[in-house]
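Undergrad: build the 3D model from these lines:
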Amino acid sequence: MRRDLTRLDPDLSSCKQPGGTGDTAYSIVKTEAKKSCITTTASSSSSSSSSSSSSSSSSSSSSSSVVVVVVVVVVVNVVNVVIVAVVVVVVLAVVVVVVVVVVVVVVVVVVVVAAAAVVVIVIVVVVVVVVLAAAVAAAETVVVVVVVAAAAEVVFVVVVVVIRRNFTTMKQKNAELKTMEA
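TA: Next up is the predicted model:
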């Protein structure tokens, strides 16, 4: 903004009849015992520089929002994978303990009873192996599914954010073109 004190006018008649060209606004300023007419001229360079700075700040904020969204999604998915892995490990530990207790009890019973010890031990061992194999397979399946789902979610969020940023950039460029044409 450029301020220009034109003339001191007690009647302020010059403020009612602006003389001059361009984008000129007039206002009346009253100070202590004087009245003055102030001419205020707006420059086009300041408006263009403000529009360019606003467009650059919006583009930088959109890029920083992309980074923040991707980081948040990755952290959430990593936490989910860790939680599932911990749950699977705990379940496997409980299954192993239960199977060991069952095997010990069965062996003690077989030794005490002393009847068909070999057949019972073979059956128990087979059952234990089958149960452990099923538990390990189920745990691996759960972990794989969680990891794949997390990766798919990250890819989806990144694609959506990139598309949205491109759309926002196109809208800003169209607005700038319309402003330049106007």
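Undergrad: okay, now residue 150: neighbour count?
TA: 19 (other Cβ atoms under 10 Å). (C-beta placed from N, C-alpha, C; glycine too.)
Undergrad: now name the helix or strand holding it.
TA: Applying DSSP states H and E as the criterion places residue 150 in helix 117-181.
Undergrad: cool, and residue 78?
TA: helix 44-113.
Undergrad: and that helix, what does it pack onto?
TA: helix 117-181 (3 or more Cβ pairs under 8 Å, 6 or more residues apart in numbering; DSSP states H and E).
Undergrad: could you point out where this structure is predicted with low confidence?
TA: Residues of the chain that meet the criterion pLDDT under 70 lie in 1-63, 66, 115-117, 182.
Undergrad: same thing but at 50, please
TA: Scanning the chain with the threshold set as pLDDT under 50 gives 1-35, 37, 39-49.
Undergrad: and this protein, what are its domains?
TA: Per automatic domain parsing, the structural domains of the chain span 2-41, 61-181.
Undergrad: and the helix holding residue 78 with helix 117-181, angle?
TA: 170 degrees (axes from the mean of the first three to the mean of the last three Cα atoms, to 10 degrees).
Undergrad: and the gap between residue 139 and residue 92?
TA: Counting by Cβ to Cβ, to the nearest Å, the gap from residue 139 to residue 92 is 6 Å.
Undergrad: okay then, goodbye and thanks.
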